[in-house]
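>>> pasted the sequence and its predicted model underneath.
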Amino acid sequence: MPLVRISLLRGQSPEHIRAISDGVHRGLMEAYGVPADDRFQLIHQHARDELVYDADYLGLHRTDEIVIVNIIAGNWRNTAQKKALYRAITDNLVENPGLRPEDVLIVLSPNERDEWSFGNGVASYVKDDAA
Amino acid sequence: MPLVRISLLRGQSPEHIRAISDGVHRGLMEAYGVPADDRFQLIHQHARDELVYDADYLGLHRTDEIVIVNIIAGNWRNTAQKKALYRAITDNLVENPGLRPEDVLIVLSPNERDEWSFGNGVASYVKDDAA
Amino acid sequence: MPLVRISLLRGQSPEHIRAISDGVHRGLMEAYGVPADDRFQLIHQHARDELVYDADYLGLHRTDEIVIVNIIAGNWRNTAQKKALYRAITDNLVENPGLRPEDVLIVLSPNERDEWSFGNGVASYVKDDAA
């Protein structure tokens, strides 16, 4: 179900980007119970002056390795699950590709169960239509 | 009212992309009653490794002709209208440019009536301000 | 707290883009009370045929200097605050870089307080976790 936009600065290796992609998805599996094959991600690489971030907001120091992960996901998760998601994704990206935890920003964008169509023109998560 | 982000892989012809753009907008007109001139779309073309999708999630087979349509639209539509939208957009894109229906993914992102400003610094859909 | 996506056509100068980035952020500070250092923006530059807009929707005339500002921001602002935001951002961009007010489009995408993690894997705006 999630649709994930991952934004980062240009110039990272394909392996680096792949590790981020993998770690974000693994976090969604671990904390939200998302199936392994429910994986849809858009990677946006930005020039240096196209990604504006404050290096010290809330007292955390950020660097040009910053990754901004914007996840559109159904609004039926509670705060505990969201916290578990931040923890899981961040831990994964610290492990590989070795990001600093301060460089992982995650923003959730909620929507409803009937707002997903994964093909064939049907509302994939609405019961009478899912077949 | 809708703001539409259309994401697809690089390398398609301008005609192909134009047909997708047209078909998505026509679907919004048909199913949501969006006026013909209420058309605002952002096309994001991605390199192969910047668009990650599962080829078989929910038992539908997807290909590199995949199109992910993320529509920010007011939250005042019901499930029947959303279903009609998925059907209309998908049928349009099957007709032209000839996409497989399994390759059309649609994700709706809801917002409120007072969250739109179409210019001049006013809340375009709030009555006392619309003039 | 806001995460801002600014979309415009390629070919503008870095100074032009920087003025837009500054003016949007200043508007958020003025109307929403966003701290100066709470600044996170993604600039998306599009080729001419990747940014589709209607030049006359709602009777306002738009040009290729159009800027579409999509702001993910917490849903706890009221209509008056949103109106003040449209006014502030638009006035700022008219002043510098000198945009026409008709060319400034703003779309808000709401989310919840527990949907933000600004680093370290914590829910930054949830009290017991913010430390």
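Received, thanks. It should be emphasised that the depicted structure is a prediction, and the values quoted were computed from it without experimental measurement. Numbering: from 1, shown residues only, chains lettered A, B, ... in the order given.
>>> contact partners for the closest residue to A:S124 other than its chain neighbours?
Excluding the flanking residues, the one nearest A:S124 by C-beta to C-beta, 6 or more residues apart in numbering or on different chains is A:F118, at 4.3 Å. Using the backbone N, CA and C atoms, a C-beta is placed for each residue, glycine as well. With contact set as C-beta atoms under 8 Å, 6 or more residues apart in numbering or on different chains, A:F118 has these partners: A:124, B:57-58, B:60, B:105.
>>> next, count neighbours for the residue in chain A that chain C sits nearest to.
Taking C-beta to the nearest C-beta as the measure, chain A has A:T90 as its residue closest to chain C, at 3.2 Å. Using other C-beta atoms under 10 Å in any protein chain shown, A:T90 is surrounded by 28 other residues.
>>> can you tell me the element it falls in?
helix A:79-95 (DSSP states H and E).
>>> packing partners for that helix?
helix A:14-32, strand A:67-74, strand A:104-111 (3 or more C-beta pairs under 8 Å, 6 or more residues apart in numbering or on different chains; DSSP states H and E).
>>> next, name the residue at the spatial heart of chain A.
A:V69 (4.2 Å; C-alpha atoms, centre = their mean).
>>> who touches whichever residue of chain A sits closest to chain B in this structure?
At 3.2 Å from chain B, A:G121 is the closest residue in chain A, using C-beta to the nearest C-beta. Applying C-beta under 8 Å, 6+ apart, one finds that A:G121 lies in contact with B:86-87, B:89-91, B:101, B:104.
>>> show the pLDDT at the residue nearest to it when sequence neighbours are not counted.
Distances taken as C-beta to C-beta, 6+ apart place B:T90 nearest to A:G121, at 3.2 Å, with adjacent residues excluded. The confidence metric pLDDT takes the value 98 at B:T90.
>>> so what's B:T90 up against?
When contacts are counted by C-beta under 8 Å, 6+ apart, B:T90 is found next to A:117, A:119-121, B:27, B:101, B:104, B:106.
>>> how about 10 Å then?
A:117, A:119-122, B:23-24, B:27, B:67, B:69, B:99-106 (C-beta atoms under 10 Å, 6 or more residues apart in numbering or on different chains).
>>> repeat that for A:V4.
Applying C-beta under 10 Å, 6+ apart to A:V4 gives the contacts A:21, A:24-25, A:28, A:39-43, A:69-73, A:89, A:106, B:52.
>>> A:A19 and A:E65 touch, don't they?
No. Using C-beta atoms under 10 Å, A:A19 makes no contact with A:E65, being 12.0 Å away.
>>> mind checking the SS state of A:S124?
State at A:S124, reduced to three classes by DSSP: H, G, I helix; E, B strand; the rest coil: coil.
>>> where does it land on pLDDT?
The model's pLDDT for A:S124 equals 97.
>>> can I assume it is in contact with B:V104?
No. With contact defined as C-beta under 10 Å, A:S124 does not reach B:V104; the gap is 11.8 Å.
>>> what's the spacing between A:I68 and B:R87?
Here A:I68 is placed at a distance of 34 Å from B:R87 (C-beta to C-beta, to the nearest Å).
>>> just A:S124 next, same as before
From A:S124 over to B:R87 the distance is 13 Å, taken as C-beta to C-beta.
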